[in-house]
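Visitor: predicted model, plus sequence, below.
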Amino acid sequence: MAVETPRHSAVGGLLDYTSEQPLAPGTLIRVPLGRREVPGVVWDPAPSSAAPETELRDVASVLDAMPVLDADWRALVDFAAAYYQRSVGELALSVLPPELRKLDNTRLARRVKRLLASGLATGLATAVAFDGPAAPPGAPVLNAEQTAALQAIAQAKQPVLLHGVTGSGKTEVYLHAAQDALQRGQQALVLVPEINLTPQLEARFAERFPGRLLVSLHSGLTPAQRLRHWLLAHLGLADLVLGTRLAVFAPLPRLGLIVVDEEHDPSFKQQEGARYSARDLAVWRAHRQRVPVLLGSATPSLETWQRVQQGRYQRLALAQRIGGGAMPQVRLVDMGQLPQTPEGRERVLAPALLTALQERLDRGEQSLLLLNRRGYAPVLHCSACGWKSGCPHCSAWRVFHKLDRTLRCHHCGLSERVPRACPDCGNLDISPMGRGTEKLQEQLATLLPQARIGRIDADSTRGVGMLEQQLQAVHAGDVDVLVGTQMVAKGHDFRRVTLVAAVNPDTALFSSDFRAPERLFALLMQAAGRAGRDAEQAARSEMWVQTWHPRHPIYAALRAHDYAAFAAAQLEERRSAGLPPFAALALVRADARTAEVAAAFLQEAATLARDLDGVTVYPVVPPHVAKVADVERMQMLLESPSRTVLQAMLAHWLPQLDALRGRHKGLLRWAVDVDPLVI
Ligand code: ADP
Ligand code: ZN
Ligand code: ZN
């Protein structure tokens with residue numbers, strides 16, 4: 001049985017129980033564990049089941065009112081648990097809807113019966129081929145590239161990368177591929193990076209497939225909704241499942257297609273608990289179940305791009321924007337060449353950019369200003385004694401939020417009123433340093449007094465429905481200039497935006513994170529894609545970049561809209577540095593009350609790893625932000641040219657770390673991240 005035991009274990013954490021009735025693998029159960037009763041799933045018997053040495057306990061209850069979790073689902077969980085070094089039980093239970101734990105068999109039976117009844121009544125998903133018209137109402141005729149892509153997908157033996165900029169018709173290809181799957185009587189799974197993007201896509205799919213049952217699966221659903229949607233997928237009633245990374249684990253008895261939209265997006269990687277990559281698992285799942293998998297992006301991850309180069313993935317390009325619209329012209333503003341501002345005055349925007357904004361305003365067009373830093377200013381500063389608004393609990397500055405006059409730590413959440421005077425020396429003159437979206441919004445209001453200025457970031461969209469409301473205002477034309485963080489660069493279809501500007505993107509060029517350039521390029525390309533989505537506007541659409549490094553190769557590639565050149569240069573750098581995708585990485589993290597304890601634990605772990613060949617163990621170092629909420633963090637990177645060697649090493653080594661734990665008092669937790677995105 002796979003039981004919820006959050007522990008690394010060489011045997012996969014399976015436990016044995018007895019049951020009076022024979023139980024099929026995949027049956028949901030509840031079993032006693034110590035003094036508690038925990039949920040579990042009947043797992044496949046181990047190949048060499050030795051006679052148990054101890055007396056076994058009985059299964060407490062059986063939830064057989066729903067179909068078993070099938071062999072494909074169990075294989076996916078088995079693989080994910082082994083690859084990401086978790087116990088099968090922990091992973092299995094963490095990807096099932098939480099609400100499922102609360103139900104007994106009678107209540108589960110009632111729910112299943114109700115769903116089946118409603119499904120049959122509306123004639124949904126009868127698992128027979130759909131015999132309606134081949135192209136449902138509203139479907140445009142595919143262009144030549146799209147048609148070729150669709151045909152290739154139907155015949156593909158490999159994962160397919162659908163490579164095209166925003167507006168090149170990728171979603172239309174997903175819709176047609178889904179249509180093909182539905183017509184074969186199969187289910188389609190569509191993964192998107194963010195919850196915010198689901199309503200838009202959901203509406204588009206719903207409109208295209210009237211009479212078909214579409215469900216969403218993401219963390220924004222209520223527990224009851226999530227259970228209901230999950231059951232509809234599991235019972236085979238839902239034809240289309242649209243969701244964020246957790247949806248990759250949806251049980252789908254008739255699975256016929258998997259789509260991963262914006263496959264390069266970091267949010268496909270789960271960052272806590274079982275740190276899995278939903279994109280990579282989607283590829284694995286599709287391979288095992290022999291269904292097509294479609295990865296879509298304008299800026300593929302370098303991992304995916306390399307597999308294309310190696311011939312392991314098939315690349316299908318959509319080279320043109322629908323309607324022939326050009327990509328916006330990229331204009332680099334060399335900040336180093338601008339005339340000096342008067343002493344003490346901060347340069348907000350380059351004069352030429354300001355003029356361009358004014359022109360948009362005069363023509364009634366919209367502009368979008370991208371600044372990847374929320375709040376008013378990243379830090380407050382006392383000019384008399386040098387005090388800065390550090391967080392007492394984290395190794396980070398607290399951000400000044402002017403609207404509610406707070407200093408807020410974005411790491412631990414600590415929020416306090418801004419002090420009237422410097423807490424160290426009493427000086428009244430404490431001032432903000434640097435600039436966030438709030439301040440940019442305020443400055444723009446002065447520079448463009450007639451403009452209606454909106455702002456979208458994590459702060460402005462905190463409340464329920466706030467994001468939708470603000471997006472609606474942009475769509476309705478109630479906003480002339482929209483200031484925002486990367487949130488606004490993703491997916492939203494702003495029809496009237498003809499100018500996008502990155503206000504201060506340089507910071508990513510010199511980040512210690514080796515993926516920072518890749519992320520910056522993707523963000524800027526995506527932001528550029530927001531401009532000129534209407535073909536007739538495309539010609540005069542512009543993407544502005546304010547930079548101190550106008551000759552940086554990233555900007556040259558951006559200017560030419562040349563992803564391939566960018567990727568080739570990056571891959572060469574990664575190759576010479578021995579970084580992914582040319583090496584496999586795993587990161588072990590330890591959290592403790594003191595940095596010494598965390599480091600000592602990792603040091604000892606490293607000694608155990610020394611004899612294991614083929615894996616380089618790097619020194620123990622603090623992460624970028626070492627202390628969060630009074631917890632000190634340390635980490636240690638492992639690297640191997642071979643994924644398989646690293647896997648074998650981890651499987652052998654990690655179980656020993658649990659034994660180490662007891663010797664390090666004050667160690668709070670440790671965890672491993674296989675294929676970490678941030679190191
Ligand atoms: P992407 O997903 O690459 O951003 P979309 O599929 O959303 O691109 O297409 C952009 C716009 O063009 C959408 O409004 C879509 O309805 C439209 N479109 C896509 N394909 C076609 C086509 N073959 N003919 C006409 N319009 C199309
Ligand atoms: Zn001071
Ligand atoms: Zn803090």
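Guide: All right, it came through fine. Ligands and ions are numbered 1, 2, ... in the order given.

Visitor: from here on, contacts and neighbour counts on C-alpha atoms
Guide: Will do.

Visitor: show me where the stretch 501-650 of the chain has strands.
Guide: Assigned by DSSP state E, counting those that start in this stretch, the strands in the stretch 501-650 of the chain fall at 542-547, 584-592, 616-617, 627-628, 631-640.

Visitor: list the neighbouring strands of the first one plus their orientation.
Guide: When pairs are called by DSSP bridges, strand 542-547 turns out to pair with strand 329-334 (parallel), strand 497-502 (parallel).

Visitor: how far away from the center of its chain is that strand?
Guide: 26 Å (C-alpha atoms, centre = their mean, to the nearest Å).

Visitor: before we move on, what about the third one?
Guide: Taking C-alpha atoms, centre = their mean, one finds strand 616-617 lying 28 Å from the centre of the chain it belongs to.

Visitor: show me what that strand is packed up against.
Guide: With contacts defined as 3 or more C-alpha pairs under 8 Å, 6 or more residues apart in numbering; DSSP states H and E, strand 616-617 has these neighbours: strand 631-640.

Visitor: what strand or helix carries residue 189?
Guide: Using DSSP states H and E, residue 189 sits in strand 187-191.

Visitor: that strand pairs with which strands, parallel or anti?
Guide: By DSSP bridges, strand 187-191 pairs with strand 240-243 (parallel), strand 255-261 (parallel).

Visitor: who touches it?
Guide: 178, 181-182, 236, 238-245, 247-248, 252, 254-261 (C-alpha atoms under 8 Å, 6 or more residues apart in numbering).

Visitor: can you flag the buried ones in those?
Guide: By neighbour count, with 16 or more other C-alpha atoms under 10 Å, the contacts of strand 187-191 hold 178, 181-182, 236, 238-245, 247-248, 252, 254-261 as buried.

Visitor: reformat the strands of the stretch 501-650 of the chain as a markdown table; add distance to ligand 2.
Guide: Listed next are the strands of the stretch 501-650 of the chain as a markdown table, based on distance: least, C-alpha to the ion, whole Å:
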| stretch | distance to ligand 2 |
| --- | --- |
| strand 542-547 | 33 |
| strand 584-592 | 32 |
| strand 616-617 | 44 |
| strand 627-628 | 24 |
| strand 631-640 | 27 |
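
Visitor: so stretch 254-274, near ligand 1 or not?
Guide: No - Stretch 254-274 lies apart from ligand 1 when judged by C-alpha under 6 Å from any ligand atom; the minimum separation is 8.5 Å.

Visitor: residues from the chain in reach of ligand 1?
Guide: 140-143, 165-172, 322.

Visitor: filter the residues you listed down to the ones in helices?
Guide: 170, 171, 172 (DSSP state H).

Visitor: near ligand 3, which residues of the chain?
Guide: Residues of the chain that fall close to ligand 3, judged by C-alpha under 5 Å from the ion: 391, 393, 394, 409, 412.

Visitor: which residues does the second one contact?
Guide: With contact taken as C-alpha under 8 Å, 6+ apart, residue 393 is in contact with 412, 627, 628, 629, 630.

Visitor: and with 10 Å instead?
Guide: 409, 411, 412, 413, 414, 627, 628, 629, 630, 631, 632 (C-alpha atoms under 10 Å, 6 or more residues apart in numbering).

Visitor: relative to residue 473, how far out is the nearest residue to residue 601 once chain neighbours are set aside?
Guide: Counting by C-alpha to C-alpha, 6 or more residues apart in numbering, residue 601 lies nearest to residue 664, which is 6.3 Å off, once chain neighbours are set aside. Using C-alpha to C-alpha, to the nearest Å, residue 664 is found at 55 Å from residue 473.

Visitor: give the buried residues for stretch 476-488.
Guide: 477, 479, 480, 481, 482, 483, 484, 485, 486, 487, 488.

Visitor: what is the burial count for residue 467?
Guide: 18 (other C-alpha atoms under 10 Å).

Visitor: same question for residue 295.
Guide: Neighbours around residue 295, by other C-alpha under 10 Å: 27.

Visitor: quick check, pLDDT for it.
Guide: As predicted, residue 295 sits at a pLDDT of 98.

Visitor: spell out the secondary structure type for it.
Guide: For residue 295, the secondary-structure state derived from DSSP: H, G, I helix; E, B strand; the rest coil is strand.

Visitor: returning to what we had before: save the strands of the stretch 501-650 of the chain as a markdown table, and put in mean pLDDT too.
Guide: Shown next, in a markdown table, are the strands of the stretch 501-650 of the chain (pLDDT from 0 to 100):
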| stretch | mean pLDDT |
| --- | --- |
| strand 542-547 | 94 |
| strand 584-592 | 96 |
| strand 616-617 | 93 |
| strand 627-628 | 94 |
| strand 631-640 | 95 |
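
Visitor: top of the ones in helices among the residues of the chain next to ligand 1 by number of neighbours, please.
Guide: Busiest of these [other C-alpha under 10 Å] is residue 170, holding 25 neighbours.

Visitor: ok so, going back, SS state for the residue nearest to residue 601?
Guide: coil.

Visitor: for it, what are its contacts?
Guide: 592, 597, 598, 600, 601, 604.

Visitor: what's the local residue count around the closest residue to residue 230 other than its chain neighbours?
Guide: Excluding the flanking residues, the one nearest residue 230 by C-alpha to C-alpha, 6+ apart is residue 250, at 6.7 Å. Here the number of neighbours of residue 250 (other C-alpha under 10 Å) works out to 21.

Visitor: was I right to think residue 250 contacts residue 238?
Guide: No - with contact defined as C-alpha atoms under 10 Å, residue 250 does not reach residue 238; the gap is 11.1 Å.

Visitor: anything in contact with each of these two?
Guide: 229, 230, 231.

Visitor: in the longest helix seen in the chain, which residues are buried?
Guide: Counting by DSSP H, the longest helix found in the chain is helix 643-661. Across helix 643-661, burial judged by 16+ other C-alpha under 10 Å covers 643, 645-647, 649-651, 653-657, 661.

Visitor: using CSV, write down the CA coordinates of it.
Guide: Extracted C-alpha coordinates of helix 643-661, given in CSV (Å, rounded to 0.1, in the frame of the first residue of the first chain):
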residue,chain,number,x,y,z
ARG,A,643,21.1,12.0,-15.4
THR,A,644,21.1,8.2,-14.8
VAL,A,645,24.3,8.3,-12.7
LEU,A,646,22.9,11.2,-10.6
GLN,A,647,19.6,9.3,-10.1
ALA,A,648,21.3,6.2,-8.9
MET,A,649,23.5,8.2,-6.6
LEU,A,650,20.6,10.1,-5.1
ALA,A,651,18.6,6.9,-4.6
HIS,A,652,21.5,5.4,-2.7
TRP,A,653,22.6,8.4,-0.8
LEU,A,654,19.4,10.3,0.3
PRO,A,655,18.0,7.5,2.6
GLN,A,656,21.2,7.8,4.6
LEU,A,657,20.5,11.5,5.2
ASP,A,658,17.4,10.6,7.3
ALA,A,659,19.6,8.7,9.6
LEU,A,660,21.9,11.7,9.9
ARG,A,661,19.2,14.0,11.0
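
Visitor: so how far is it from its chain's centroid?
Guide: 27 Å.

Visitor: got the angle between it and strand 631-640?
Guide: 150 degrees (axes from the mean of the first three to the mean of the last three C-alpha atoms, to 10 degrees).

Visitor: just to revisit the earlier point, mean pLDDT and distance to residue 189 added to the strands paired with strand 187-191, as a markdown table?
Guide: A markdown table is the format used below for the strands paired with strand 187-191 (pLDDT from 0 to 100; distance: least, C-alpha to C-alpha, whole Å):
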| stretch | mean pLDDT | distance to residue 189 |
| --- | --- | --- |
| strand 240-243 | 96 | 5 |
| strand 255-261 | 97 | 5 |
